[in-house]
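Peer 1: predicted model follows, preceded by the sequence.
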Amino acid sequence: MSHLDPPNLRVPPVLHSLRYLDVAVSEPSPGIPQYLSMGYVDGIPFNRYDTERGRTEPLTPWMAAGAEPGYWDGQTQINEGNRLIAATNLETVGGRYNWSGGLHTWQRLYGCDLLSDGSVRGSYQDGYDGQDFISFELGSGSFVAADGAAQITKRKWEHDGIVAEGLRNYLGNICPEWLQKYVRYGREALERKDPPHVHVSG
């Protein structure tokens, strides 16, 4: 065993994961909505919102059957709010990078993992035009800025404390609670162990 890999620093295996990928574009076109949000449980897409459809919709039978009354309306409202924030972010950052028109994108990837020892790991990343912008790790509780434009956001978020507190609460409490709910809805599908397909050729 390497001295760089002491046993106590090993991360316990991930039991289940919840991730959201949100994308906004400055110039929507047919088939490319202004805003899109996809949710994934254990890597399986389970819900989707986009501005062309205008509603959050299930992508798996277990999600369609399991969700409690009011869930889809509530998720649609959250996504409509996030869409407005994303449009503002694109405008703000466009000013920092001196964008002059054209197609630009904002991406956000965030979520949590439930680990086998009962602990939770959470992360949040913002990017523009496919490049890292700012990220946050639940473990360290700090923001990492990718460049000078992101340093402005980092200073603002660290100064007001509201964003960090919101992320800590969401990634450490709300996200794991919803993940456990989704796993209950889809337990049969998510925990099914399919036998491997073996093919031997002569």
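Peer 2: Structure received. The structure displayed is predicted, hence computed values, not measured ones.

Peer 1: what about the strands in the protein?
Peer 2: 14-25, 35-41, 44-50, 56-58, 105-115, 120-128, 131-137, 143-145 (DSSP state E).

Peer 1: pLDDT below threshold where in this protein?
Peer 2: Residues of the chain meeting the criterion pLDDT under 70: 1-9, 193-202.

Peer 1: re earlier: ok, which of the strands of the chain comes nearest residue 175?
Peer 2: strand 105-115 (3.9 Å; CB to CB). Every C-beta, even on glycine, is put in place using the N, C-alpha and C of the backbone.

Peer 1: how about residue 15, what does it touch?
Peer 2: Counting by CB atoms under 8 Å, 6 or more residues apart in numbering, residue 15 touches 113, 114, 115, 116.

Peer 1: the residue lying closest to residue 60 once chain neighbours are set aside and residue 186, how far apart?
Peer 2: Leaving aside its chain neighbours, residue 60 sits nearest to residue 46 (5.0 Å; criterion: CB to CB, 6 or more residues apart in numbering). Residue 46 sits at a distance of 7 Å from residue 186 (criterion: CB to CB, to the nearest Å).

Peer 1: same check, this time on residue 26
Peer 2: The value you get for residue 26 to residue 186, if CB to CB is used, is 35 Å.

Peer 1: who's more crowded, these two?
Peer 2: Set residue 26 next to residue 186 and count neighbours by other CB atoms under 10 Å: residue 186 wins out with 22 against 17.

Peer 1: so what's that one closest to, chain neighbours aside?
Peer 2: Nearest non-adjacent residue to residue 186, counting by CB to CB, 6+ apart: residue 62, 3.9 Å away.

Peer 1: pretty sure the one you found sits against residue 185.
Peer 2: Yes: Residue 62 lies in contact with residue 185 (CB atoms under 8 Å); the separation is 5.0 Å.

Peer 1: would you map the helices across this structure?
Peer 2: In the chain, the helices defined using DSSP state H lie at 61-66, 71-96, 148-160, 162-169, 175-185, 187-190.

Peer 1: from these, which stretch is densest packed?
Peer 2: A comparison of these by mean neighbour count, using mean count of other CB atoms under 10 Å, puts helix 175-185 on top with a mean of 18.

Peer 1: distance to residue 97 for the strands of the chain - can I get that in a markdown table?
Peer 2: As requested, the strands of the chain are exported to a markdown table (distance: least, CB to CB, whole Å):
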| stretch | distance to residue 97 |
| --- | --- |
| strand 14-25 | 15 |
| strand 35-41 | 20 |
| strand 44-50 | 25 |
| strand 56-58 | 31 |
| strand 105-115 | 12 |
| strand 120-128 | 7 |
| strand 131-137 | 10 |
| strand 143-145 | 14 |
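
Peer 1: for those, which one sits closest to residue 90?
Peer 2: For those, proximity to residue 90 was assessed by CB to CB; strand 105-115 is nearest, at 5.1 Å.
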